[in-house]
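Undergrad: from the sequence below, what's the structure:
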Amino acid sequence: MPKKFASENTKAAAARARKDAASNEEKQRRLKAEQDELWKDEDKLVARKQQRKEERERKKVEVSSKKAEVKALLEAETGTAAGGKDLSAAAKVTRAQIQAAQEREAARTAKAAAAGGGVSGRGATTAATDVTHLEVPLEENLNRLTLEEAGHTARSVDEAIVLLNAKDAASLESADRHPERRVRAAYAEFEALRLPILRAEQPNLRLSQLKQLLRKEWLCAPENPMNQRTLAYNAKPTATNS
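TA: Numbers count the residues shown, from 1 in each chain. Modelled structure (predicted):
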């Protein structure tokens, strides 16, 4: 006869039940943790999307601000009106274009200043031509004064020719035979004197433009040795016949 089993042990059944309950509880905890992790990932994605959106908005504001600054600067340099233009046109303006506009404005100012000087000169010429010969006072004969002051008197045409030839020979002796040797020093002195004046008169011009105007003045300046009376280095005094 087979051995009869006794009834189920209650302690073993209770232990098995507790084990099953603990296993189920662990499964529920893991499932909840996985779901919470999924929710956390979703929150990170949403936060990153929001951050990217805010970054795009910030860049748009910066671009709009830069466009407005460039447009205001260009209008201030060129003197154009601010109304009636959108910011898209200003966005195409580069730093090189702004610099070119500044150079054009400086050149226009220099040209206007030069034209003003020319107009004043022409006005003076016109005023001088309006004066009749009756209003011009008679001038003394400077040659005669020079000869008389030197103690020479000519009573005939021949004597006058002799005296004039002697005077020309003396002036040739005093003429500068090497003016080119003094050009550099004379120009340096001229530049030191005139450059501050030009800088004060034309504060918007650059140094290169000021020096260009200075060169033009130097060509006609009486301080230029090349504009003074010169003589060839190998010239000989003209012999006069008594």
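Undergrad: residues in contact with Y187?
TA: Under the criterion of CB atoms under 8 Å, 6 or more residues apart in numbering, the neighbours of Y187 are W218, N224. (Each C-beta comes from the backbone N, C-alpha and C, glycine too.)
Undergrad: could you say which helix or strand contains it?
TA: helix 183-201 (DSSP states H and E).
Undergrad: next one: P203
TA: Counting by DSSP H and E, P203 is found in no helix or strand.
Undergrad: go ahead and produce CSV holding the CA coordinates of the helix holding Y187.
TA: Only the C-alpha atoms of helix 183-201 are listed here, as CSV (Å, rounded to 0.1, in the frame of the first residue of the first chain):
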residue,chain,number,x,y,z
VAL,A,183,62.7,121.4,-51.9
ARG,A,184,62.6,118.7,-49.3
ALA,A,185,63.4,121.0,-46.3
ALA,A,186,61.1,123.7,-47.6
TYR,A,187,58.2,121.2,-48.0
ALA,A,188,58.7,119.8,-44.5
GLU,A,189,58.5,123.4,-43.1
PHE,A,190,55.5,124.1,-45.3
GLU,A,191,53.7,120.9,-44.2
ALA,A,192,54.4,121.6,-40.5
LEU,A,193,52.8,125.0,-41.0
ARG,A,194,49.8,124.2,-43.2
LEU,A,195,48.8,120.7,-42.1
PRO,A,196,47.3,121.7,-38.7
ILE,A,197,45.4,124.5,-40.5
LEU,A,198,44.0,122.1,-43.1
ARG,A,199,43.1,119.6,-40.4
ALA,A,200,41.1,122.3,-38.5
GLU,A,201,39.4,123.5,-41.7
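Undergrad: and the next helix or strand after it with helix 183-201, angle?
TA: Counting by DSSP H and E, the element after helix 183-201 in chain order, helix or strand, is helix 207-220. Inter-element angle recorded for helix 207-220 and helix 183-201: 120 degrees (by axes from the mean of the first three to the mean of the last three CA atoms, to 10 degrees).
Undergrad: can you list the buried residues in helix 207-220?
TA: Q209, L210, L213, L214, W218 (16 or more other CB atoms under 10 Å).
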